[in-house]
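Asks: Got a sequence here, can you build the structure:
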Amino acid sequence: MAPSNGSGPMPPPPPIPGSAANGAAPPPPPPGSMRLKKATTRLKRSSHMGNLYRNLKGKVEGVPKRGPGAANGGKKSGGGNSGGGKQQGMADALAEMTKRSTYFIQIEEDVQKYEKSIKELRTSISTFKTADMSELIKFNKHVESILEKLTDETQVLARFEGFPGKKLEALRTASALYSKLESMLNELENCKIEPPLGQLLERVERCFDRIKKEVDSLERTKDEEAKKLKGHNIEFDFQILVRIKEAMVDVSSNCMELALKERRAAKLTANEKSKTKGEAPKKVCSKMLWRAFQFAFRVYTFAGGHDDRADKLTRELAHEIETDPEHQQ
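Replies: Numbers count the residues shown, from 1 in each chain. Below you'll find the predicted structure:
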């Protein structure tokens, strides 16, 4: 064989398939799983809130605590015994007796009397579709206005083939849940902010604990719940959870404003009266400042952020606590 004449450079090796050298685009990412639309909110994380809390806790309480302030309650577990053959035998006997009872006769009369309205309801429930929560609640009220007339809803509806029982259950679940969340929101929006601060904080802390428990529980299951409801053509509006958190931040801000107002009043009292007489209310007021700040921090953690107003008030409150002679070292 003749040797190479060296007339030109050796050609480059062929590119490796899928390598960056051949300019091929990376494979497309796998399709994402169904997720809830990201909620919009005016709340944002604070760059100083955590440090403020830790510093003030050390000043006011001395040695900082490492663990969370409250322990989670254990879940109680309990089991029930279900009967076997005895229960079945009892059920069979009751079923036989029912056929001859006035109760059974009343059910048959309901089937005849409400046949038209139940068939119409069967169609309207099956085709119902909404993302509007007010429409959902309105439709559910219409459904209940018909079904509440029945002697035994389960027995009567069982006589109508193809009645969408699971869709009815989803409709009721969604309506009850949204009404409950709406009630929480209304409670927060109408929360009265009035002195004395100590009593106010006791009231709003109880309210906060109750609502936080409900919201935290729902947020653990909301993706699953949304998927179930969507399977029945109900797009549940979980944006209301964000509105609840924003309303809770507003309540916290109102408490901080009242704490600062009472602080100014205590200072005036201390200046106008003798030092001995003015010291006691001033000392009590100092404790309330710290308590109001602690509540604000708990709300901040729960809500996932503060708005501009809450951010400004926490700084003012922290300054009052830091400059308090009682906490100077």
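
Asks: what about this structure, any weak spots by pLDDT?
Replies: Low-confidence segments of the chain (pLDDT under 70): 1-39, 46-48, 58-100, 270-284, 325-329.

Asks: again, 90 this time
Replies: Applying pLDDT under 90 to the chain flags the ranges 1-105, 262-288, 321-329.

Asks: okay, now the domains of it?
Replies: For the chain, the structural domains run 100-163, 191-328, going by the TED database.

Asks: deepest of those, which one?
Replies: When those are scored by mean count of other CB atoms under 10 Å, the highest mean neighbour count falls to domain 191-328 (a mean of 17). Where C-beta positions appear, they are placed from N, C-alpha and C, glycine not excepted.

Asks: And the next helix or strand past the helix or strand residue 122 falls within?
Replies: Using DSSP states H and E, residue 122 sits in helix 115-127. Sequence-wise, the next helix or strand downstream of helix 115-127 (DSSP H and E) is helix 133-147.

Asks: So which elements touch that following helix?
Replies: helix 115-127, helix 165-189 (3 or more CB pairs under 8 Å, 6 or more residues apart in numbering; DSSP states H and E).

Asks: Go again with 6 Å.
Replies: Secondary structure elements in contact with helix 133-147, counted by 3 or more CB pairs under 6 Å, 6 or more residues apart in numbering; DSSP states H and E, are helix 165-189.

Asks: now the angle from the helix it packs on to helix 133-147?
Replies: Interaxial angle, helix 165-189 versus helix 133-147 (axes from the mean of the first three to the mean of the last three CA atoms, to 10 degrees): 130 degrees.

Asks: Give the buried residues for helix 165-189.
Replies: 167-168, 170-171, 173-175, 177-178, 181-182, 184-185, 188 (16 or more other CB atoms under 10 Å).

Asks: between these, which is nearest residue 155?
Replies: Each of those was scored against residue 155 by CB to CB, and residue 168 proved nearest at 14.8 Å.

Asks: Spell out, range by range, the helices that occur in the protein.
Replies: Counting by DSSP state H, the chain has helices at residues 49-61, 85-99, 102-113, 115-127, 133-147, 153-157, 165-189, 197-230, 239-272, 275-303, 308-322.

Asks: Turn those helices into CSV, including distance to residue 43.
Replies: Shown next, in CSV, are the helices of the chain (distance: least, CB to CB, whole Å):
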stretch, distance to residue 43
helix 49-61, 12
helix 85-99, 53
helix 102-113, 51
helix 115-127, 38
helix 133-147, 22
helix 153-157, 43
helix 165-189, 14
helix 197-230, 14
helix 239-272, 6
helix 275-303, 6
helix 308-322, 8
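
Asks: Figure out which of those is closest to residue 42.
Replies: Using CB to CB, the helices of the chain put helix 239-272 closest to residue 42, at 6.4 Å.

Asks: Cheers, nothing more for now.
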